[in-house]
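**Student:** This is the structure alone, sequence omitted:
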């Protein structure tokens with residue numbers, strides 16, 4: 001039995017304008033239905049391939065604030081989410097999430113501000129995220145808000161984290177997934193893409209398809225660079 005909180009999704013393209021930019025993103029334009037199979041699903045692909053667009057649409061369709069936070073967050077600094085969320089239908093499982101969080105690197109400053117303001121009004125108090133470094137605040141948000149039986153959507157979380165802290169995040173993801181949580185993560189990080197038992201969906205090549213870890217561009221390019229840095233730099237004509 002599929003015990004995932006979100007089992008998949010369908011897109012009704014009749015609800016999307018003919019001139020919408022969404023139709024110009026090959027992997028998105030080719031998508032009508034998607035089935036999820038793992039508690040940890042990773043979206044991999046080049047910039048502009050549609051990873052964050054789909055992740056954002058799933059988050060908004062589920063009820064999260066477009067800029068991030070929990071489903072209780074209602075702040076807005078810039079309304080930029082696409083019309084895809086209105087055409088997307090989530091296929092939910094029989095279980096219901098007890099908690100959830102949408103965490104995106106590009107708007108984390110706004111979420112940290114909201115976290116502090118909401119914290120002052122709650123019994124747990126404020127964590128004062130702005131008194132920490134960007135990476136420390138990001139990781140503290142994870143450690144404060146992530147738990148079992150929750151739904152968590154992360155958009156390029158590696159942007160805020162050192163390689164060591166990415167490993168810490170990987171441990172948090174594995175811990176929560178073991179306790180019944182579900183994760184959808186858009187990432188370029190070869191560390192996060194290495195999450196055990198995760199399903200990797202590649203957005204490259206004009207379609208969304210399952211992909212082995214070793215076949216992701218993030219892994220292949222990183223391995224080429226680490227195996228022979230000087231050769232890579234020569235090929236880029238950065239050194240003679």
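**Tutor:** Yes, it's here. Because the structure is a prediction, the values reported are computed rather than measured.
**Student:** can you pull the contacts of residue 169?
**Tutor:** 139, 142, 157, 161, 192 (C-beta atoms under 8 Å, 6 or more residues apart in numbering). All C-beta spots, glycine's among them, are computed from the backbone N, C-alpha and C.
**Student:** at 10 Å what do you get?
**Tutor:** By C-beta atoms under 10 Å, 6 or more residues apart in numbering, residue 169 lies in contact with 138-139, 142-143, 146, 154, 157-158, 160-161, 185, 189, 191-192, 195.
**Student:** Now list the buried members of those.
**Tutor:** Among the contacts of residue 169, those scoring as buried are 138-139, 142, 146, 154, 157-158, 160-161, 185, 189, 191-192, 195 (criterion: 16 or more other C-beta atoms under 10 Å).
**Student:** before we move on, back to that, filter the contacts of residue 169 down to just the ones in helices.
**Tutor:** Among these, the members found in helices (DSSP state H) are 138, 139, 142, 143.
**Student:** Kindly reformat the residues you listed as TSV and extend each row with pLDDT and distance to residue 49.
**Tutor:** Compiled in TSV, the ones in helices among the contacts of residue 169 are given as follows (pLDDT from 0 to 100; distance: C-beta to C-beta, whole Å):
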residue	pLDDT	distance to residue 49
138	80	24
139	85	27
142	86	25
143	86	30
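**Student:** And those residues, which two are furthest apart?
**Tutor:** Between any two of the ones in helices among the contacts of residue 169, the greatest separation by C-beta to C-beta is 10.0 Å, found for 138 and 143.
**Student:** Between the two ends of stretch 180-195, what distance do you get?
**Tutor:** The stretch stretch 180-195 measures 16 Å between its terminal residues, going by C-alpha to C-alpha, to the nearest Å.
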